[in-house]
Structure formats: C-alpha cells, structure tokens
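# return atomic coordinates for the entry below.
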Amino acid sequence: MAHRPRNQRPDGPTTVDRLLDARVPPPGATAHTPSPPTSGRRSPILGPPAMTTFAAFGIGLATRSAGTDRVLDTWYPLAVAGGDAGEAVALAATLGHTGGTGTYPLTREVLGRADLAADHPVARAIAAVTADAATTPTPTRTERFPVATFVEDLASDPVGAHDVYLRLHLLSHREICPHDASLEGAFGLLTNVVWTDEGPCDPEVFDAVQIEHAASGRRLRVSSVDKFPRMTDYVVPSGVRIADADRVRLGAHLSPGTTVMHEGFVNFNAGTLGASMVEGRISAGVVIGDGSDIGGSASIMGTLSGGGTEIVRVGERCLIGANAGIGISLGDGCVVEAGLYVTAGTKVTLPDGTVVKARELSGRDDLLFRRDSVTGTVRALEREGGHADWGGLNAALHAND
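Residues are numbered from 1 along each chain as shown. The predicted structure is shown next:
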C-alpha cells in the first residue's frame, strides 16, 4: 500500500496552487504581483527579516468567551499548506511575523498596508472576516475576532488553539493527509465547548445563556459538548457523501468518492485516501486506502486511548465485514470476515498449520481472515481462487458529483 510522505503534496491542485494561480489576471485586467520579501530583507518599520516561506497559513474568524482569552474555535475560510506565496509573505511582513508559529489580530487597515490585490483570495478572506457583520456581538456570550495564523513547521507540535484549528482545517480541506502534521497535545490546547445552533458557547455560562434565550421564547439546540466540532460546520469537501454530519469530526480527511453512511464515523487526523465506503468506525490516526469498504458497525483501533501507539492502515481494495474489527494494519486486497475481530495478539493459524500472533501478519497483502465455525480457530488464507474477489465497491454509490 503506497503512502504519501509527510509534506509531499497530494495529486492535483491544492488550495495553495489555486491561491498562486489567482495572481494571473483575467483577460483585460492588470496583473498585480507584489514582490515578496527576499531572505534577510528588512522592513524599515518592522526591522527584523520577513518570512519568505511557510508550512501553513490561514485567515480565520475566532470565537472566545466574552471578556476572556478563552478561545472556543477558529474558522479558517482560507487555509493553505506550504509554499512561497507573495501575498502571504507580504501579509507576514506587514504583521511583523518573521518565523515560527504565530497568530495575529487582523483589521481592515491591514489590506491597505499589505498592498494586496482586492480580488486575491487572501484579500477577499481578510475582507470577509473583518466585515462588521462578522464581528457583531453574538447571542452566546462570545466575541468574534479576525486572525491570521502562520506555521513554519507542521512537524512541530501545535502551540495553541488557533494553530490546532488551522491543522484540522488543512486535513479536512485535503491540503494535507493524516499524519502530515503533528497534533500532539491538541486536546490540552482546546477548550471544551457547548456546540449550539447559534455558535459555540462556554460551558461555564451556558445555563445563563439558555435562560436568556428562554425569556425571548427560544431555546438553543445543542449538538454536542466536546473539544472537536463536526466537520461540516467548517468544511464541506467536494465529491463526498455524509449521511449524518454529527459523525464526522473536523480534521477528518475524506477523499473524493468517499461515502460515509449513517453508522459510519470518522475521527480527526484519520480518513480515506480514495473512494471508500464507510459504514463503521475509523478511529483517530487510521488511514483507509482507495477502493476499500468498512462494513456496518465494523471498528478499527486508533491511538487515542488504551496506550495504543501503532498507526493502523488499511490498504487498497480491502473489505472489513459487518461487526468485524482490526487492531493490525491490512495490506492491499485483504478481507476480514463479518463478526471477526483481529487484534495484534490474536492467535492465527496459517495454511501450513503454523500458529502466529496477528501482529506478524500486519501489513501483508491478499489475506483472508476468517474464523472456523466448528473449532473457533482464526485462520489466515491466501486470497486466491474462490477467495480472490469480494466484488469491490459499487461505483454508482461513490459517484458523488
């Protein structure tokens, strides 16, 4: 099973490619290409050398609990990964960002000082998040404020809530793949939030907010109380179907052609690398290859709890049957029969009678795992002959245009 190395771009144009392409004016228009700062260039106002490249960059609208510095969320309408984009570099110079990871408040005046083309995605995003309507008082005792976030190295651990939210957006926008960015310590950097139909709310004031709403004949609808919101309130990737949006967290990576049915679940820093059927659970850190099917109520072990450190991957063209599960990686073309849970310590009998622990078969291609219905023995067979074809995905169910 092929996996893209960290920081290698996925196939096809990414958002940063489109961002850079946006510098090319339409017919009859005048090109606007600011000169990016060169290495060591110094601003007469800011003094220190300006940033010239970045691993990630975002323009966002953050929410904090009113009168506090408690950040509840940050929505990034513009989130790009990696590169040398003149507009991002010009904005960094204007804000005084010279390297590392940093988040800065934005104002409309920044647009003029950074000399950004009005029709450029960076300028449009800044205009959107600094508009009066974007920062008006909210009915959940929160305040919204526009920010710009720069990350120099995605391999470094995140340093704050804005940084975490940018990385989650990059994953769901498919700018990066699972494990391309560190999310170590993310839970400790995020705040527990009451997610309502009128925006995030601090749990400490929620009862008072609900009473205020009741006095005007309304009640807030709460979808969850959690540190991670659902993805579709922030990002809706193209070419996917999601039957129940509550079951896909922000930070999930869903490739075009992916279908997540009602009982499917996809956690953050996990997801699919191609067209896949998801009717079971994809836990944090798990990656599913193209053409694979995770059957109804099937489960794949993640790394968030229980001391798990192994990153479980499922190869291409695999089938994990209904109510089955795995705690090992599968290579390409593997099948786990319905109802069978294969953990790393499961004793598996091979065709020659040898008994091994399942971890010794982790990542092997073309295996069929099944349980002998008479003896209860778990067996692994080479998928050939009558075992070779499970039918594959139904193409009609994954044409999600």
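# what bridges to residue 299?
residue 281, residue 325 (DSSP bridges).
# that one - how many residues pack around it?
19 (other Cβ atoms under 10 Å). C-beta here means a position set from N, CA and C on the backbone, and glycine is covered the same way.
# isn't it up against residue 280?
Yes - with contact defined as Cβ atoms under 8 Å, residue 299 reaches residue 280; the gap is 6.0 Å.
# residue boundaries of the helices in the stretch 101-250 of the chain?
109-114, 121-129, 161-172, 186-189, 206-215 (DSSP state H, counting those that start in this stretch).
# quick one: closest of those to residue 262.
helix 161-172 (20.0 Å; Cβ to Cβ).
# can you name every helix or strand that that closest one contacts?
strand 54-65, strand 71-83, strand 142-151, helix 186-189, strand 252-253 (3 or more Cβ pairs under 8 Å, 6 or more residues apart in numbering; DSSP states H and E).
# deepest-packed of those, please.
strand 252-253 (a mean of 30; mean count of other Cβ atoms under 10 Å).
# name the next helix or strand following that strand along the chain.
As assigned by DSSP states H and E, the chain's next helix or strand after strand 252-253 is strand 259-260.
# and that next one, how far from the chain's centre?
Strand 259-260 has its C-alpha centroid displaced from the chain centroid by 16 Å (Cα atoms, centre = their mean, to the nearest Å).
# partner strands of it and their direction?
As assigned by DSSP bridges, strand 259-260 forms pairs with strand 241-242 (parallel), strand 277-278 (parallel).
# give the closest residue to residue 297 in space, chain neighbours not counted.
Distances taken as Cβ to Cβ, 6 or more residues apart in numbering place residue 323 nearest to residue 297, at 5.0 Å, with adjacent residues excluded.
# turn the strands paired with strand 259-260 into a markdown table, columns for mean pLDDT and mean neighbour count.
Formatted as a markdown table, the strands paired with strand 259-260 follow (pLDDT from 0 to 100; neighbours: other Cβ atoms under 10 Å):
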| stretch | mean pLDDT | mean neighbour count |
| --- | --- | --- |
| strand 241-242 | 98 | 20 |
| strand 277-278 | 98 | 27 |
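# would JSON lines of those with distance to residue 381 be doable?
Formatted as JSON lines, those follow (distance: least, Cβ to Cβ, whole Å):
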{"stretch": "strand 241-242", "distance to residue 381": "33"}
{"stretch": "strand 277-278", "distance to residue 381": "23"}
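# returning to that earlier point: please identify the most buried of the helices of the stretch 101-250 of the chain.
Most buried among those, counting by mean count of other Cβ under 10 Å: helix 161-172, with a mean of 28.
# can you tell me how far the most centrally placed residue in the chain is from residue 289?
With distances taken as Cα atoms, centre = their mean, residue 251 lies nearest the centre of the chain, 2.4 Å away. According to Cβ to Cβ, to the nearest Å, residue 251 and residue 289 sit 19 Å apart.
# ok, residue 337 touching residue 367?
No - using Cβ under 8 Å, residue 337 is not in contact with residue 367, being 11.4 Å away.
# who's more crowded, the two?
Per other Cβ under 10 Å, whichever of residue 337 and residue 367 has more neighbours is residue 367, with 22 against 18.
# all good on my end, thank you.
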